[in-house]
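K.L.:
got a structure for you, letters missing:
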């Protein structure tokens with residue numbers, strides 16, 4: 001934890017977002033007290049003047065401290081919360097390896113796997129965004145193949161032990177099926193997902209509401 005353990009933490013987040021769930025999972029596993037303010041980004045709640053005044057990028061999650069400081073971008077929040085804890089290696093080389101996977105998650109993984117989930121579950125069947133799905137599936141499978149290759153020789157992504165790179169990659173990989181990804185071809189990933197679920201203090205992402213679940217079930 002940063003050298004400010006007495007700070008009051010408020011998270012503005014959308015519970016069904018993997019990027020937000022990362023932050024919740026780390027906070028729970030660090031056993032830190034925090035306040036959660038639900039902000040439905042899919043309903044435009046991050047575009048209000050009040051929200052944009054705090055986060056001009058209009059996204060979740062957003063971490064707010066009691067002194068008014070704001071930290072945005074999910075992996076930056078993970079890094080700050082984990083600093084000085086076992087969830088982030090102290091060794092510079094191992095820390096750089098963890099950062100490597102955080103960048104991979106945001107650049108190669110999330111833009112395909114998370115977006116495919118959004119398109120299938122949060123857009124209507126006649127949405128023009130549906131044409132993106134083949135490209136998203138192709139890119140997502142490339143990212144999953146990279147992860148599978150790594151996990152054939154290693155148990156974790158953060159280093160020798162579980163940590164924030166695992167949390168970052170877990171969030172959307174665990175619900176990759178929502179995006180239409182068949183995970184049967186990735187046994188090492190499936191074993192890793194099970195290891196993450198077995199970590200102390202683990203919390204699962206909530207199930208999507210009925211309307212979204214119906215779209216996911218009917219999407220092709």
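P.N.:
Structure's in. What do you need? The structure presented is a predicted model; accordingly, all values stated were derived computationally and were not measured.

K.L.:
show me which positions of the lowest-mean-pLDDT helix or strand in the chain end up buried.
P.N.:
Ranking every helix and strand in the chain by mean pLDDT, DSSP states H and E puts helix 210-218 at the bottom, with a mean of 93. Neighbour counts over helix 210-218 (16 or more other C-beta atoms under 10 Å) mark 212, 215-216 as buried. C-beta coordinates here come from the backbone N, C-alpha and C atoms, glycine included.

K.L.:
tabulate those residues (a markdown table), appending distance to residue 76.
P.N.:
Compiled in a markdown table, these are given as follows (distance: C-beta to C-beta, whole Å):
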| residue | distance to residue 76 |
| --- | --- |
| 212 | 28 |
| 215 | 31 |
| 216 | 30 |
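
K.L.:
which residues touch the least confident helix or strand of the chain?
P.N.:
The contact list for helix 210-218 (C-beta atoms under 8 Å, 6 or more residues apart in numbering) reads 16, 117, 120-125, 178, 207-208.

K.L.:
next: stretch 40-52.
P.N.:
Contacts to stretch 40-52, defined as C-beta under 8 Å, 6+ apart, come from residues 12, 14, 16-17, 39, 55, 58-60, 122.

K.L.:
and for stretch 158-169?
P.N.:
Residues outside stretch 158-169 that contact it (C-beta under 8 Å, 6+ apart) are 22, 25-26, 29, 74-75, 78-79, 82, 86-89, 91, 94, 97-102, 104-106, 109, 147, 156-157, 192, 195-196, 199.

K.L.:
what helix or strand is residue 32 located in?
P.N.:
With elements taken from DSSP states H and E, nothing contains residue 32; it lies in neither a helix nor a strand.

K.L.:
which strand residues bridge the residue nearest to residue 64 when sequence neighbours are not counted?
P.N.:
Beyond its immediate neighbours in the sequence, the residue positioned closest to residue 64 (C-beta to C-beta, 6 or more residues apart in numbering) is residue 10, lying 4.4 Å away. Judged by DSSP bridges, the bridge partners of residue 10 are residue 35, residue 64.
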